[in-house]
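Asks: Okay, sequence plus prediction incoming.
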Amino acid sequence: MNWKLIFSLSLFGLAMAFATITLIPSSTEPYAWLVIFLLCAWLIAKNAPGNFFWHGFLVSLVNCVWITAAHIIFSSTYLAHHPHEVAMYGKLNGQFGTGPTTAMLFFGPIIGIISGLILGLFAFIASRFVKPSLKGV
């Protein structure tokens with residue numbers, strides 16, 4: 001495993017963690033993630049020493065740590081800019097008695113695993129088409 005590559009690519013997740021607090025609305029966030037996933041998949045295919053799926057999966061797990069932490073730390077600002085999520089968390093509170101930060105803490109890793117499966121698949125597919133770098137990252 002190339003941990004330097006995994007950590008480096010997770011910095012896209014750190015940037016998105018802060019960008020989604022106020023700058024990027026929920027309606028356009030999936031498009032930003034698609035671009036990031038495609039770029040990460042290409043970089044993994046180009047620079048990972050193998051295990052392309054696992055590199056992609058682990059990048060997303062590290063991303064989920066960055067994003068969950070930022071959204072919890074800045075939860076009041078995040079929720080002020082994301083009314084759809086406030087409504088979703090309100091429904092969860094009614095059903096399970098959890099607050100927004102507890103819900104973020106619970107769902108962050110679930111979303112990280114799901115996105116990890118997607119990025120892992122993208123990286124695996126990209127590895128079939130991209131010629132690896134000779135020196136790596």
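Replies: Okay, I see it.

Asks: next helix or strand past the helix or strand hosting residue 60?
Replies: Secondary structure assignment for residue 60, by DSSP states H and E: helix 52-73. Per DSSP H and E, helix 52-73 leads on to helix 75-80 as the next helix or strand towards the C-terminus.

Asks: Quick one: list the elements packing against that following helix.
Replies: With contacts defined as 3 or more CB pairs under 8 Å, 6 or more residues apart in numbering; DSSP states H and E, the secondary structure elements packing on helix 75-80 are helix 3-22, helix 83-96, helix 100-127. Backbone N, C-alpha and C define where each C-beta goes, glycine included.

Asks: circling back to that earlier point, mind listing what's buried along the helix holding residue 60?
Replies: Burial within helix 52-73, assessed by neighbour count using 16 or more other CB atoms under 10 Å, is assigned to 52-68, 70-71.

Asks: Check stretch 24-40 too.
Replies: Residues of stretch 24-40 classed as buried under the neighbour-count rule (16+ other CB under 10 Å) are 24, 32-33, 36-37, 40.

Asks: Just want the angle from the one helix or strand in the chain whose mean pLDDT sits lowest to helix 100-127.
Replies: Ranked by mean pLDDT, DSSP states H and E, the helix or strand of the chain with the weakest confidence is helix 83-96, at a mean of 78. Computed with axes from the mean of the first three to the mean of the last three CA atoms, to 10 degrees, the direction of helix 83-96 lies at 120 degrees from that of helix 100-127.

Asks: Compute the inter-axis angle for helix 83-96 and helix 52-73.
Replies: Using the same axes, to 10 degrees: helix 83-96 against helix 52-73 is 90 degrees.

Asks: For residue 84, which non-adjacent residue is closest in space?
Replies: Counting by CB to CB, 6 or more residues apart in numbering, the nearest residue to residue 84 once its immediate chain neighbours are dropped is residue 26, at 5.4 Å.
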